[in-house]
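Asker: structure, please.
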Amino acid sequence: MVFQDLSNNDNDPYTTQAATAFMGDLLGSSIKPTGPTVGLISKWALKLNDIIIFRACIRATCAPLGSGLPRVSDPPLIAYRKAISDELSSYLKTTSSGQEQSIDWNYWLQDLDQANNMATEFDAFCTTFKSSTEHQPLLASLKAWADPICDRKLKAKSQLTLSDQDYLVRTLKSRSADSEWVLQNFLPIAVPRFDRFLLWELLHSISQERHGTFKNSKELYRCMIEHGREQLSLCGNDIIAKPYCSNRGYGYWNPSKRFVTLLEESFMNGAGQEALGLLEQSCKGIVDERQTWSSVHPHDLRATFLEPLTRALESYRVPPVPPVQDLFEVALKDVFHRSIMPRPVQLNGWVHEKVACSMGSNCSTCRELNSVLQDPNQKEWHFPAEECWRQHLESRLSDRIYSFQTLKDRSPHTLVVTKLGTNYDKALRSWNQGVQQVEHNVSWIRRDYLRCLLGDHKYNELIMLERPSPENTVTRRQGDEHSEQPDAKRMRPS
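Answerer: Residues are numbered from 1 along each chain as shown. Here you go, the predicted structure:
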């Protein structure tokens, strides 16, 4: 109704004043108007030569900064930019015909020049404006004014993040014909200020369009890896990092798995040498920080990093290099072999391992016990003591390689401890179980590429594990009637 009143009474000062006040309130309202409504407001602002209202329309196209607020690519802002661009291009084409180079763009668009989010809002509006007209003199005039501002805003930004991706993609596309500017001026300055997520996503976007817009993807990949090596390289914390959710609809990414995807895309786009250098640098850093990630579960390390990496190295026939060899060797030893204890040694006679005591060296009972355990000739020990000390002694001998009997024929009662002679058998069984678990964990990695990478000696040592010979699996002392079976319970005669 307000716009209809203006149409009928556009020369009436009262109607004009009331309408402009209404339009200003509407633009400043928390309930945002539709795109067509903003288009009508901008149309009347131009017709009434009300620069204040028109600039309010321009400010409405800028995405506020902050979590949860609208982004530059949100549909309402796109609709605003399109509606305003259509009206402004039509107005300038009519009023500045033949004088396009003298247009004072800053008069109309100064609020874009002052926008917070780097060149993103600025570029988004300029791109939309270009789609609103095919009048080349008008487009040339806008370009001459806009390009230096974009360059200035880019240089002034200390860090570029995912919110800037659309702008950067548009810039690369619009300036793709000027490869010298892109590769020698734009990327060397911009890439060191990209955060890692932006760099990952931007490279991924380039790879997706390598047969279309970015036919020079090889040069782009090589340049961006060269200048973004610091952000792209993996470190120890990346191995244990939680997955992050891509805002571009690619799902959840684990940093180490995303790194492998980057390597694959780099080889795919002809930047194999740069990818190999990045891989070597990452492997060195990960090995140097092994204490950070060596406690990771073998399955997690395999699923998120080593298995995808192995497939990628195989697929692109990446030559073996020492840093990659070191990474696999450290991972196999520190993570996959972690469950293998040193192979047990059969002790002399009736010697058993010493026990630790929670009271330390002050416990005379445990000192006496350890003396008995270390005696190769003593199989049985009689220990007269109060109940609390007998219980303390039993708690130190929790392994099922001893039997206990309490003699109650005198006070204090006597605890009889008998060595069953199965300590070596039990230790060997546990060791074999550890070996079997490691064999299961490394079975996926038994492939020719790893043999070539590690060499025969280390491949056989770390992946083709040697098993103990059957005759060494169980060894019992002759005449030991108390030798227990693997599942036997601890013996305590009544």
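Asker: packing partners for the helix or strand Leu109 falls within?
Answerer: Element membership for Leu109, per DSSP states H and E: helix 105-113. On a contact count with 3 or more C-beta pairs under 8 Å, 6 or more residues apart in numbering; DSSP states H and E, helix 105-113 meets helix 51-59, helix 120-132, helix 136-156. For glycine as for every other residue, the C-beta is placed from the backbone atoms N, C-alpha and C.
Asker: could you rerun that using 6 Å?
Answerer: Packing partners of helix 105-113 (3 or more C-beta pairs under 6 Å, 6 or more residues apart in numbering; DSSP states H and E): helix 51-59.
Asker: for the helix it packs on, buried residues please.
Answerer: Buried residues in helix 51-59, counted by 16 or more other C-beta atoms under 10 Å: 53-59.
Asker: tell me the one of those residues nearest Ser96?
Answerer: For the buried residues of helix 51-59, the minimum distance to Ser96 (C-beta to C-beta) is 15.4 Å, reached by Phe54.
Asker: my read: that closest one touches Lys47, true?
Answerer: No. Applying C-beta atoms under 6 Å, one finds Phe54 not in contact with Lys47, separated by 10.2 Å.
Asker: my read: Arg196 touches Glu230, true?
Answerer: No. Assessed by C-beta under 6 Å, Arg196 is found out of contact with Glu230, at 9.3 Å.
Asker: what about those two, which has more around it?
Answerer: Remark: of Arg196 and Glu230, Arg196 carries more neighbours, 18 against 10, as counted by other C-beta atoms under 10 Å.
Asker: how near is that one to His392?
Answerer: According to C-beta to C-beta, to the nearest Å, Arg196 stands 56 Å off from His392.
Asker: ok, His413 - contacts?
Answerer: Counting by C-beta atoms under 6 Å, 6 or more residues apart in numbering, His413 touches Thr406.
Asker: and it, how far from Gln405?
Answerer: For His413, the distance to Gln405 equals 10 Å [C-beta to C-beta].
Asker: same thing with Ser132?
Answerer: Ser132 is 98 Å from Gln405, by C-beta to C-beta.
Asker: count of residues packed around Gln184?
Answerer: 12.
Asker: let me fix that, I meant to ask about Val287.
Answerer: So Val287, with other C-beta under 10 Å, has 17 neighbours.
Asker: again with Pro323
Answerer: There are 16 residues near Pro323, going by other C-beta under 10 Å.
Asker: isn't it right up against Leu279?
Answerer: No. Using C-beta under 6 Å, Pro323 makes no contact with Leu279, being 7.6 Å away.
Asker: and Asn11, what's its pLDDT?
Answerer: Model confidence at Asn11, given as pLDDT, is 70.
Asker: in three-state terms, label it for me.
Answerer: Secondary structure for Asn11, judged by DSSP: H, G, I helix; E, B strand; the rest coil, is coil.
Asker: separation between it and Glu314?
Answerer: 79 Å.
Asker: between those two, tell me which one has more neighbours.
Answerer: With neighbours defined as other C-beta under 10 Å, Asn11 and Glu314 compare such that Glu314 has more, 15 against 6.
Asker: name the nearest residue to the more buried one, sequence neighbours excluded.
Answerer: Spatial nearest neighbour of Glu314, chain neighbours left out: Tyr449 (4.7 Å); criterion: C-beta to C-beta, 6 or more residues apart in numbering.
Asker: same question for Lys458.
Answerer: For Lys458, the closest residue by C-beta to C-beta, 6+ apart turns out to be Glu329, at 6.3 Å.
Asker: what number of residues lie near the one you found?
Answerer: With other C-beta under 10 Å as criterion, Glu329 counts 16.
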